[in-house]
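> generate a structure from the sequence data that follows.
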Amino acid sequence: MLEKLRDWQPFDGGALLDDVAAALDDVPPAKEDTEELAERLRGHLMQLVNIAVAGEAEQDTAAAQLIEQARMLRADDVPGDHRKAVGHLRRMGWTASELLEQLVAMKHLKEAA
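Numbers count the residues shown, from 1 in each chain. Okay, here's the model as predicted:
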């Protein structure tokens, strides 16, 4: 339990929005930045899923679909091909953005910066 407390990171909506913007920007992330961005997006997705599950948001059909999609994307490895990796980052960014909006609409989170 102590280790979980040490590893805990507070939800940072601003950082999430920055990473979503980086993933969805017209200019794709550089090849050398894709893995680091993917790790941050995985962390954001994990936090959003945990918030959704704790608030029982999965009882809402739209939220349940986004939760499932977030879980699947988190589990997938980043493809080695840069174009496919960018597509994967964009799917993760879009899902994180949509899940955040859904949780705000359901009043499980306050609107992020």
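> any stretches of the chain with poor pLDDT?
Along the chain, the model assigns pLDDT under 70 to residues 1-8, 112-113.
> helix, strand or coil for the residue most central in space within it?
Compute the mean C-alpha point of the chain, and by CA atoms, centre = their mean the closest residue is Leu45, 2.9 Å away. Secondary structure, DSSP: H, G, I helix; E, B strand; the rest coil: Leu45 is helix.
> excluding chain neighbours, what is closest to it?
Using CB to CB, 6 or more residues apart in numbering and skipping residues adjacent in sequence, the residue nearest Leu45 is Ala70, 4.4 Å away. Every C-beta, even on glycine, is put in place using the N, C-alpha and C of the backbone.
> give the next helix or strand downstream of the helix or strand harbouring that neighbour.
Ala70 is part of helix 61-75 when elements are defined by DSSP states H and E. Downstream of helix 61-75, the next assigned helix or strand under DSSP H and E is helix 82-105.
> now for the residue nearest to His108 when sequence neighbours are not counted: which residues touch it?
Counting by CB to CB, 6+ apart, the nearest residue to His108 once its immediate chain neighbours are dropped is Gly55, at 4.1 Å. Applying CB atoms under 8 Å, 6 or more residues apart in numbering, we find Gly55 in contact with 103, 106, 108.
> quick check: the last one touching Glu58?
By that I understand His108. No - judged on CB atoms under 8 Å, His108 makes no contact with Glu58 at a distance of 11.0 Å.
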